[in-house]
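**Student:** Next comes the sequence, and after it the predicted model I'd like to discuss.
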Amino acid sequence: MRAADERQITLFLDQLWMEKGLSENTQESYRRDLEQFAGWLAAGQGPDLLAVTATEVQAYLAWRHQQHLSSRSTARFLSCLRGFYRLQIREGHLHDNPLALVENPKLSRSLPKSLSESDVENLLSAPDVDDPVGLRDKTMLEVLYACGLRVSELVGLTMSQVNLRQNVVRVMGKGSKERLVPMGEEAAAWLQRYLREARPVLLNNFPDEVVFPSSRGQPMTRQTFWYRIKHWAQVAGINKPLSPHTLRHAFATHLLNHGADLRVVQLLLGHSDLSTTQIYTHVARLRMKHQHAEHHPRG
């Protein structure tokens, strides 16, 4: 990758962070997308990023297709690239947008993987709560399901974000957007027991703000807790494919199945756009049709 392209990418990401406050994960994804494109241009003796035309963009999209990269990742790349060139035009570095005639790929509307309510009950019952690590995992699963948190939000929780008087959690979500999420009595009871019995043991009485430390008393990573979820799913005999967001999807689907308002679910999940939440109505509708067919006399 050329040094000039690297400078432009860094300036774009810095500007994006100041204007939109994007998360580190999103910034890193954008950096990888732009660096890969710049590297592809350099390898083929093509122009630098500020001299690109629609021809090079279309050729790169064709290359991505040949590499069997997903439509969703290509759509993210184009969104990033559009932002990059909008900034260049705004700053006066370019006059014409090379993406003006480039269309986004059509995305299939994939349904989130979820668990039934009985699956969730089995998963929540799997950890051994007489063991400090088991009690921690049980509590984390309860809070994850009760609040619909992202795994990254759960492992990053600090004591100042938890209010057990009002049973709410103050969550810092994507784009540094803050939201308050009610916890529910069951999850709050487990959290109180965990804070009393297990957390001091895991921290070895060392003062720390993190709510759910690892067995070594350190902040837990998303990957570590994902392994814990898979372990307890295996113990519970759940053979369905799981993702780190499985309990978050179950939270949303089960709320809608029980009559919750879509906009309430949107607020609880921290979605800025209602269309992101609407995917769950398809899941709930499929279950409704299945139950109608199974239980109605003329189904």
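**Tutor:** Sure thing, it's come through.
**Student:** Stretch 77-95: which residues count as buried?
**Tutor:** Buried positions in stretch 77-95, judged by neighbour count with 16 or more other CB atoms under 10 Å: 77-78, 80-85, 87-88, 94. Using the backbone N, CA and C atoms, a C-beta is placed for each residue, glycine as well.
**Student:** Tell me which of those fall in helices.
**Tutor:** Mapping the buried residues of stretch 77-95 onto helices (DSSP state H) picks out 77-78, 80-85, 87-88.
**Student:** Can you convert those residues into a markdown table and add a column each for pLDDT and distance to L267?
**Tutor:** Below are those laid out as a markdown table (pLDDT from 0 to 100; distance: CB to CB, whole Å):
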| residue | pLDDT | distance to L267 |
| --- | --- | --- |
| F77 | 87 | 30 |
| L78 | 87 | 29 |
| C80 | 88 | 27 |
| L81 | 89 | 32 |
| R82 | 88 | 29 |
| G83 | 87 | 27 |
| F84 | 89 | 32 |
| Y85 | 89 | 34 |
| L87 | 87 | 31 |
| Q88 | 88 | 36 |
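**Student:** can you redo the residues you listed as CSV with distance to I229?
**Tutor:** Output for those, formatted as CSV (distance: CB to CB, whole Å):
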residue, distance to I229
F77, 30
L78, 33
C80, 30
L81, 35
R82, 36
G83, 34
F84, 36
Y85, 40
L87, 39
Q88, 43
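**Student:** Show me the domain layout of this structure.
**Tutor:** 3-90, 117-295 (automatic domain parsing).
**Student:** distance between the first one and the chain's centre?
**Tutor:** So the one you mean is domain 3-90. 22 Å (CA atoms, centre = their mean, to the nearest Å).
**Student:** measure that domain end to end?
**Tutor:** Terminal residues of domain 3-90 are spaced 22 Å apart (CA to CA, to the nearest Å).
**Student:** ok, of the ones in helices among the buried residues of stretch 77-95, which one's closest to L180?
**Tutor:** The shortest approach to L180 among those belongs to G83, at 30.2 Å (CB to CB).
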